[in-house]
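J.: How does the following fold in three dimensions:
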Amino acid sequence: MALRLKEVVFRVRCREIGCPFVSDFSVKENIMGATQEDVDSEALKIARDQAMTKHDAIYGRRHTMLNPETHKVAGTYETLGPVSPAAKTAPMGRAEPLKARRFDRGERIVTKGEHATTVCEVIRGSATSEARPGIVYRPGSTFGAAALFEHKKRMASIVAAEDDTLIGFYDMRELSKTDPNKARELYNEAMEDIFHVLAYLEKKIAKLKAGAAKKPTKTPARKAPGKPLRRSAKKPARKSAKKSEKKSTKRKSRSK
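T.: Just a heads-up that it's a prediction; the model follows:
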C-alpha cells in the first residue's frame with residue numbers, strides 16, 4: 001500500500017531576527033511514497049524552495065533565508081493499491097488531529113447550534129461571520145473556540161468569503177498529544193478571537209447608544225391658545241318660561 005499526495009500546506013517562517021516573513025505554501029505535485037512521512041519530506045523541499053524564492057524577492061537585499069522554520073498546516077492524501085489483511089484487522093489508532101476541507105464563497109463552514117468538536121484555522125482564503133460580516137478571518141486566523149470546552153455548541157455560523165478557501169479542523173485533544181506547541185498556539189489564537197468578537201460587539205453597542213442619543217425625544221404637541229368660547233345666543237330657560245306665561249295671560253284677557 002502506498003500514498004499519493006493530493007495537497008499539503010506548509011507554513012514557512014524566516015528565522016532572521018526582526019524579519020517579518022511568514023507565509024503558507026501549498027504543494028499539489030504528484031508525489032508518492034510508502035508512508036505519509038515520505039510524501040511530506042518531498043513536498044517540504046518544494047515548499048521551502050517556493051518560500052526562499054518569495055523571501056529573496058522581497059528581502060534578498062537585506063539577507064538570505066537559511067534554514068527557515070517550517071510547520072505542516074494541513075495535508076490530504078490518496079491511498080494506492082489494495083489494503084493488506086493485516087491493515088484491516090489492525091487496531092484503530094488515534095484519531096487524526098487535523099482534517100482539511102475546501103470551501104467556495106458563501107459555503108457554510110460551521111453552523112450555529114451544532115455540537116462543537118474542532119477548532120478551525122484558515123489555511124488559505126478567508127471566512128466571515130454570517131451574522132456579522134464585519135468579522136473576517138484570514139490565513140492564520142482561528143475560530144470555533146467553543147470546541148475548547150466540553151459539550152458546547154457553535155455560537156455563530158461561519159461561511160467562506162472567497163472561492164478555494166481551505167480550512168483546517170483540529171481535534172484539540174489529539175493535537176495536544178501529537179503536537180503540544182501547535183495546540184498551545186491554536187488555544188491562544190482562539191482566545192484572541194473571543195476578545196476580538198467582544199470588542200466588535202462593544203463597538204456596535206457604542207454606535208447604537210450614540211445613535212439613540214442623537215435622536216430627539218418626541219414631546220406631546222401643545223394646542224395653540226384659541227379664542228374664548230362665545231356664550232350661546234339662547235337665553236336662560238327661566239326667561240323663556242316667563243315669556244310663555246305672559247303670552248298665555250294676554251290670550252286669556254283677549255278672550256274675555
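
J.: didn't D164 look like it was pressed against D104?
T.: Yes: using C-beta atoms under 8 Å, D164 is in contact with D104, at 7.1 Å. (C-beta placed from N, C-alpha, C; glycine too.)

J.: Could you pull out the helices in the stretch 101-250 of the chain for me?
T.: 172-178, 180-214, 237-255 (DSSP state H, counting those that start in this stretch).

J.: Please spell out which residues along the shortest one are buried.
T.: For helix 172-178, the neighbour count (16 or more other C-beta atoms under 10 Å) marks M172, L175, S176 as buried.

J.: shouldn't the first one be in contact with C120?
T.: Pointing back at M172 there. No: counting by C-beta under 8 Å, C120 is not a contact partner of M172; they are 11.1 Å apart.

J.: nearest spatial neighbour of the most centrally placed residue in the chain, skipping sequence neighbours?
T.: Of all residues in the chain, the one closest to the mean position by C-alpha atoms, centre = their mean is S129, 2.9 Å from it. Distances taken as C-beta to C-beta, 6 or more residues apart in numbering put I135 closest to S129, at 4.4 Å, once the chain neighbours are dropped.

J.: any idea how far the one you found is from T178?
T.: 30 Å (C-beta to C-beta, to the nearest Å).

J.: Of the buried residues of helix 172-178, which is the nearest to E78?
T.: Lowest distance from E78 to those (C-beta to C-beta) belongs to L175, with 23.3 Å.

J.: My read is that that closest one contacts N181, right?
T.: No: using C-beta under 8 Å, L175 is not in contact with N181, being 9.8 Å away.

J.: Which segments of this protein make up each domain?
T.: Split into domains by automatic domain parsing, the chain comes to 2-83, 98-210.

J.: Pretty sure P20 sits in a strand.
T.: No: with DSSP: H, G, I helix; E, B strand; the rest coil as the criterion, P20 is located in coil rather than a strand.

J.: Rebuild the domains of the chain as CSV, extending it with mean pLDDT.
T.: Converted to CSV, the domains of the chain look like this (pLDDT from 0 to 100):
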stretch, mean pLDDT
domain 2-83, 86
domain 98-210, 82
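
J.: on that earlier part again, which of the buried residues of helix 172-178 lies closest to Q50?
T.: L175 (25.7 Å).

J.: what sits opposite K72 in the beta ladder?
T.: F10 (DSSP bridges).

J.: Equivalent analysis for V136, please.
T.: Beta-bridge partners recorded for V136 (DSSP bridges): T128.

J.: Provide a list of residues in contact with it.
T.: Taking C-beta atoms under 8 Å, 6 or more residues apart in numbering, we find V136 in contact with S126, A127, T128, A161.

J.: Kindly provide the distance from the residue nearest to S129 to V159.
T.: 11 Å.

J.: Same question for D49.
T.: With C-beta to C-beta as the criterion, D49 and V159 are 34 Å apart.
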